[in-house]
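K.L.:
Could you look at this predicted model? Sequence included:
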Amino acid sequence: MIAKLIANVALAVAVSTIAQADEPKHGGILHIYHRETPPSLSIHEEATFSVNVPAMGLFNNLVIYDQHKPQNSMSDIVPELATGWAWDSANTVLTFKLREGVTWHDGKPFTAKDVKCTFDLLQDKAQDKFRKNPRRDLFNNVSEVTTNGDFEVALHLKRPQPSLLAMIASGYTPMYPCHLTPAQMRTHPIGTGPYKFVEFKQNESIKLARNENYWKKGLPYLDGIEYTIISNRATAVLAFVAGKVDMTFPTEMTSALIQDIKQQDPTAICEIKPINVNTNLIVNRENPPFDNIELRKAMALALDRKAFIDIIFQGQADAGGTLLPPPEGVWGMPPEILKTVPGYGDVNKDREQARAIMVKLGYGANNPLKIKVSTRNLATYRDPAVVLIDQLKTIYIDAELDPVESSQWFAKIARNDYSVGLNLTGNGIDDPDQAFYENYACGSERNYTHYCNKELEALFDKQSVETDVEKRKKMVWDIDKKLQEDVARPILMHARSGTCWKPYVKNMTIMNNSAYNGYRYDDLWLDK
Amino acid sequence: MEARLGIYLVRRFFLMVLTLFGISVLVFVMLRLVPGNIADIVFNAAGMIDVAEKAKLEKELGLDQPIVVQYAQWISGLAHGDLGYSYVSEKPALQEIAPRIPITAKLAGLALTFAVIFGVPLGVISAVRQNTALDYVLRVISLSGLSMPAFWLGLLILMGFVAYFGTIPIYTSPPKGFWNTYLLFSIPAAAVGFRSSALVMRLTRSSMLEVLRQDYIRTARAKGAPNQSVYYRHALRNAMLPVVTVIGIEAAFLMGGLIVTETVFNIPGVARFLVEAIRWRDYPIVQNLVMFIAVVAVSINFLIDLLYAVLDPRIRYAK
């Protein structure tokens, strides 16, 4: 009897200890290293997650991807500044009920007017304009934003577009206050988020402090987050191992670096995941001889994706089409479809076919086609370009590397001043609308190869209005397959990258299919 | 003699002004010859080029003005103490530059101190003990100092600290207090100073060897002067002229050339900021920072010239 009592007491103590250990603790500053000085902290004006990582904690969206579900999908979108949303019967009006009692960091109340102002800015309808507006095209389908009192707002669409909700849930779509100009938001951002902006010193640090009036009661747990800017990766890794920072910059670690970290600090928690950034081949279809589809097809058939993945990422990358491949990607072609796409099967057979095409076009071992492969003069671009040059040799293309000064890269492409190039494309959300319209629609600013297929564009619209996810997936796969067959922009690989943190950093979730959406950090806590 | 010194100083001052004017033109023009401007880079970072928006930004920043007008605006601003605004941070350039100068000055000052207090005495010892075991050891050490890349040495130091002490001596926030500040800077300063001290040591040694063979040294010895007096009173003072020149050049270099050390030890100093500003084509920052470094270099040269006159009476009295 006594023994049973002692056992019960011991069990109760153990359970209470475990419960205490899992009980979030308030306080502490989370130290993360930042890989570079971001251009500003105004998320809407930038197009790099160097901005999203430190700035997402300053803001809130209307809705957001669940911050603890690694895979971003439509079913995991949760309300944030909105308490809920509803589509009308025609799926062309999306109405949000807004949370009451939310204030901006400067004390002013958040209302529906701020939502309208944000969309006016995004659509260039506001009086004060952004210096640059990289995601303006994402909201082309929104014809009007109307408010109904202070706490209801409706987005009127030209046609149904279920993906609009995904775009609004992205880390790239925070709400901005009406009462501040874009210039003020660049230098001293004010949001409704869990952390307030304290200071941003170029080359030094970004400091955020706890928002005492955060609308989620009791959150955030942390007193603040400090991002120390350490541009030298070797120093940054050592700083993490030595405990100077609690976490590495998200998705910045290669598998080799992670091995090194784990060797020096076996307690470190590290995860390698896809980041939805793909490396692709761009061919200027307006410049002869590349205006010949046969030549472009031969180039696509010469690609050995496994070799790219093994050489550049030591196996830590994935072959796929335009959309991130499953299981991490929601919309990517499944393997059984992917292997039916020309260039994704037997490399030797494909190259044999490519050589036959080249011979037919008048090229051969003694008469190779001499070209330049242009790319940005950064290692992440240059390294795969070198592998590409080597692979093109197998089909009688004698290529030379043309490294382009980084600042001139997009200007050069926009001028059409290249023949063959290698580019990297990051997708903020794992969504077909964003990927198709941004990269393959006729006339899109980011459609670098000027691929234009009106029939396929009609299919972009058709999948875009489809509300049945499974039906839409099949349409997306067909489009993706057609894009690869048309050699619109052959995808070489989808990168994977790693993040490490100390075991006392709790509640950390790294997203599986985007590097842009998971940094709100309002319920992270430090167990120390 | 004083009148001559006055004329010399005035002449040197005008030469300084002329040099600075030349540098200002050179920096201004060269910066604009580099492909791309801030507008290109701002849009490049967004993976897009919107020609109309780019032109708007160029107009907003005054980059559409003729280059001569832009230069005149900059110089006129400088004359009024207005350094303009950083294109990137949109803060006054002075506010961005000023806090970085003391950081680099402390690092450079410590590195130079390290170089002088080790380089000069070891150079003298190496010279007076020429071809002894000690001389060989010192020469090997100095050669390794000159041939070791700064980033490698820096990383080695950091790895050593992490492996043996479990900490890392890098700059993550402004250090509090005098000792913390100098403790933090002393490690990167030693890494930089090692190379500089090797240079100073080798130069002191060769200069001393040359002087020690002079007639007046033989005369001093013949007159029975003790070794210490011969080495430090007669020889070293005369051997110091080239050493002082090199120390001056090193001092000027250290104010703007510590990019590798600042990067490895994560020090938010002038050089790292300058490189970042060049990357962004942040003209107001680059122009003013290069001018600042130029003023430091030219002023140090001026001081060195004055020091020559103190060290060598022949220079003082020359026409």
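P.N.:
Arrived safely.
K.L.:
list the contacts for A:G364?
P.N.:
Taking C-beta atoms under 8 Å, 6 or more residues apart in numbering or on different chains, we find A:G364 in contact with A:M358, A:Y396. C-beta here means a position set from N, CA and C on the backbone, and glycine is covered the same way.
K.L.:
what's the pLDDT at B:P175?
P.N.:
The score at B:P175 is 91. That number is its pLDDT.
K.L.:
Am I right that it is in a helix?
P.N.:
No: under the criterion used here (DSSP: H, G, I helix; E, B strand; the rest coil), B:P175 is coil, not part of a helix.
K.L.:
if I read this right, it contacts B:P169, doesn't it?
P.N.:
No: in this structure B:P175 lies outside contact range of B:P169 using C-beta atoms under 8 Å: 10.6 Å.
K.L.:
what sits against residue 168?
P.N.:
Picking chain A for this. A:N61, A:L62, A:V63.
K.L.:
wait, chain B
P.N.:
B:I168 neighbours (C-beta under 8 Å, 6+ apart): A:T235, A:L238, A:A239, A:A242, A:K244, B:L158, B:F161, B:V162.
K.L.:
same deal with B:V25?
P.N.:
The neighbourhood of B:V25, defined by C-beta under 8 Å, 6+ apart, consists of B:Y71.
K.L.:
Following element in sequence after the helix or strand hosting B:I75, please.
P.N.:
Using DSSP states H and E, B:I75 sits within helix B:67-79. Following helix B:67-79 in sequence order, the next helix or strand is helix B:93-97 (DSSP H and E).
K.L.:
Tell me the residues of the stretch 151-300 of chain A that contact chain B?
P.N.:
Residues of the stretch 151-300 of chain A lying close to chain B (C-beta under 8 Å from any C-beta of the partner chain) are A:183, A:186-187, A:200-205, A:226, A:228-232, A:234-235, A:238-239, A:241-245, A:264.
K.L.:
now A:Y176: how far from A:G149?
P.N.:
20 Å (C-beta to C-beta, to the nearest Å).
K.L.:
so B:A294 makes contact with B:I23?
P.N.:
Yes: counting by C-beta under 8 Å, B:I23 is a contact partner of B:A294 at 4.5 Å.
K.L.:
higher neighbour count, those two?
P.N.:
Neighbours per residue (other C-beta atoms under 10 Å in any protein chain shown) separate B:A294 from B:I23, with B:A294 holding more: 21 against 17.
K.L.:
For the more buried one, give its distance to B:K176.
P.N.:
33 Å.
K.L.:
again with A:E36
P.N.:
27 Å.
K.L.:
Determine which member of those two has the greater number of neighbouring residues.
P.N.:
The neighbour comparison of A:E36 against B:K176 (other C-beta under 10 Å) goes to A:E36, with 14 against 8.
K.L.:
which stretches of the chain have low pLDDT?
P.N.:
Here I'm looking at chain A. Low-confidence segments of chain A, defined by pLDDT under 70: A:1-21.
K.L.:
my bad, the chain I had in mind was chain B
P.N.:
For chain B (pLDDT under 70), the answer is B:1-2, B:46-49, B:315-319.
K.L.:
where do the strands sit along it?
P.N.:
Remark: strands of chain B are absent; assignment by DSSP state E.
K.L.:
Mind naming the longest helix for it?
P.N.:
Ranked by residue count and defined by DSSP state H, the top helix of chain B is helix B:178-212.
K.L.:
List the buried residues in that one.
P.N.:
The neighbour-count check on helix B:178-212 (16 or more other C-beta atoms under 10 Å in any protein chain shown) flags B:184-209, B:211-212 as buried.
K.L.:
Over to stretch A:195-209?
P.N.:
So for stretch A:195-209, counting by 16+ other C-beta under 10 Å, buried means A:195-197, A:200-209.
K.L.:
among these, which two are most distant?
P.N.:
Within those, A:K196 and A:N203 form the most distant pair, 22.2 Å apart (C-beta to C-beta).
K.L.:
Which of the three states applies to whatever residue of the stretch 51-200 of chain A ends up closest to chain B?
P.N.:
For the stretch 51-200 of chain A, the residue closest to chain B is A:P134, as judged by C-beta to the nearest C-beta, at 4.0 Å. Per three-state DSSP, the secondary structure class of A:P134 is coil.
K.L.:
Just to check, it is in contact with A:I43?
P.N.:
No: using C-beta under 8 Å as the test, A:P134 is too far from A:I43 to be in contact (10.4 Å).
K.L.:
quick one, which of the two is more surrounded?
P.N.:
With neighbours defined as other C-beta under 10 Å, A:P134 and A:I43 compare such that A:I43 has more, 27 against 23.
K.L.:
thinking again about what came up before, out of the residues of the stretch 151-300 of chain A next to chain B, which are inside helices?
P.N.:
Counting by DSSP H, those place A:A183, A:R186, A:T187, A:A234, A:T235, A:L238, A:A239, A:V241, A:Q264 in helices.
K.L.:
re earlier: check which helices and strands the longest helix of chain B is in contact with.
P.N.:
For helix B:178-212, the elements it packs on are helix B:100-128, helix B:133-147, helix B:150-165, helix B:236-256, helix B:259-264, judged by 3 or more C-beta pairs under 8 Å, 6 or more residues apart in numbering or on different chains; DSSP states H and E.
K.L.:
Out of these, which is the most enclosed?
P.N.:
Counting by mean count of other C-beta atoms under 10 Å in any protein chain shown, helix B:259-264 has the highest mean neighbour count of the helices and strands packed on helix B:178-212, with a mean of 23.
K.L.:
need the contact list for the residue lying closest to B:F265 once chain neighbours are set aside.
P.N.:
Among residues not flanking B:F265 along the chain, B:P188 sits closest, at 4.1 Å (C-beta to C-beta, 6 or more residues apart in numbering or on different chains). With contacts defined as C-beta under 8 Å, 6+ apart, B:P188 is in contact with B:L107, B:A111, B:G154, B:P169, B:T261, B:E262, B:V264, B:F265, B:I267.
K.L.:
do A:E144 as well
P.N.:
A:L155, A:H156.
K.L.:
go on, A:E438?
P.N.:
Residues in contact with A:E438 (C-beta under 8 Å, 6+ apart) are A:D137, A:L138, A:S444, A:R446, A:N447.
K.L.:
What separation do you get for B:N37 and chain A?
P.N.:
Remark: distance between B:N37 and chain A (C-beta to the nearest C-beta, to the nearest Å) = 8 Å.
K.L.:
these two touch, right, A:I389 and A:V373?
P.N.:
Yes: using C-beta under 8 Å, A:I389 is in contact with A:V373, at 5.6 Å.
K.L.:
which residues do the two both contact?
P.N.:
A:A399, A:E400, A:L401.
K.L.:
Nearest spatial neighbour of the residue of the stretch 201-319 of chain B found nearest chain A, chain-adjacent residues omitted?
P.N.:
In the stretch 201-319 of chain B, the residue that lies nearest chain A is B:P268 (4.2 Å; C-beta to the nearest C-beta). Nearest non-adjacent residue to B:P268, counting by C-beta to C-beta, 6+ apart: A:E204, 4.2 Å away.
K.L.:
cool, and B:A239?
P.N.:
For B:A239, ignoring the flanking residues on the chain, the nearest one in space by C-beta to C-beta, 6+ apart is B:S207 at 4.0 Å.
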